[in-house]
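S.K.: here is a sequence with its predicted model. Questions after.
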Amino acid sequence: MPHNHFLQKMGHKRFHPPTEYIFSYAITSFNENLSNKKSNPSLVRIRHILVIKKQFCTTPHLVRNNPFKAIRCLSVYLLLVQKLFIINMSTKHTYDLNLQWTGNTGNGTINLNAYKPAHSISQDRKATILCSTPPVFGGEQEKYSPEELLISSLSSCHMVIYLYLCAINKVNVIAYSDNPAITMEISNEGKSAITQAVLNPHVVVSDTSMLDKANELHHEANTLCPIANACKFAVHHSPTSTIETL
């Protein structure tokens, strides 16, 4: 687009009201966060930048003489607004399901041999998961154990967050697989505990230049994973990445 035509489109004036509205909303929201979070230093700094950049990138002088710099300034602004929305996501989500014991053979738990630990997990409009304990504890091999469900939750949560991070960091993942493992130890006193989990994600990307970033993002994904953050045991990662051109 010719420079003069672009300036005519811009009108030699300040940015249009919707953009001004975004700026004002961002600053107002930060003020609310500051009052709620008792002067969080990060929020104070971001608000300070917002106020300065609003004054700078909406001045008629900048729009008239360097409109492309004004647009770059706006892009920085929008990144700060995105940061605002991430900070504002301090909300609560509740997830529920139905668990049904299916191992009653007719006599209840009258003794250890009278019942099975089989059970099912279900929820409306979702597939039912058949569960039991590990065979070493009297369960059925063909059904998932609580330990396997735990490691599957870790692996699944890590993957969806990792793919999100790859998308916003321009890492093109075309395949993802994992073979996670979890370790349970039983003490001499009979107390059992999960002591560690290891994720072994294998990622296929479309370009050599993406390999390093593809591996780095696993660490960030782990810090953002709510399942990993809830675990008292160590969660390790042993990622690998390969290339496959589209």
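M.R.: Received the coordinates, thanks.

S.K.: how long is stretch 225-239 from one end to the other?
M.R.: The stretch stretch 225-239 measures 16 Å between its terminal residues, going by Cα to Cα, to the nearest Å.

S.K.: so how far is residue 104 from residue 110?
M.R.: Going from residue 110 to residue 104 by Cβ to Cβ, to the nearest Å gives 10 Å. Where C-beta positions appear, they are placed from N, C-alpha and C, glycine not excepted.

S.K.: neighbour count for those two, which is higher?
M.R.: Using other Cβ atoms under 10 Å, the more surrounded residue of residue 110 and residue 104 is residue 104, with 12 against 9.

S.K.: show me what contacts that one?
M.R.: Contact partners of residue 104, counting by Cβ atoms under 8 Å, 6 or more residues apart in numbering, are residue 115.

S.K.: CA atoms of the longest helix anywhere in the chain as CSV?
M.R.: Criterion DSSP state H: the longest helix present in the chain is helix 146-168. Extracted C-alpha coordinates of helix 146-168, given in CSV (Å, rounded to 0.1, in the frame of the first residue of the first chain):
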residue,chain,number,x,y,z
PRO,A,146,-5.4,-46.4,39.5
GLU,A,147,-1.7,-46.2,39.0
GLU,A,148,-2.1,-46.4,35.3
LEU,A,149,-4.8,-43.8,35.3
LEU,A,150,-2.6,-41.5,37.3
ILE,A,151,0.3,-41.7,34.8
SER,A,152,-2.1,-41.4,31.9
SER,A,153,-3.4,-38.2,33.4
LEU,A,154,0.2,-36.8,33.7
SER,A,155,1.1,-37.8,30.2
SER,A,156,-2.1,-36.5,28.7
CYS,A,157,-2.0,-33.2,30.6
HIS,A,158,1.7,-32.7,29.6
MET,A,159,0.9,-33.3,26.0
VAL,A,160,-2.0,-30.9,25.5
ILE,A,161,-0.1,-28.1,27.2
TYR,A,162,3.1,-28.9,25.2
LEU,A,163,1.2,-28.8,21.9
TYR,A,164,-0.3,-25.4,22.9
LEU,A,165,3.2,-24.1,23.7
CYS,A,166,4.5,-25.4,20.4
ALA,A,167,1.7,-23.7,18.5
ILE,A,168,2.4,-20.3,20.0
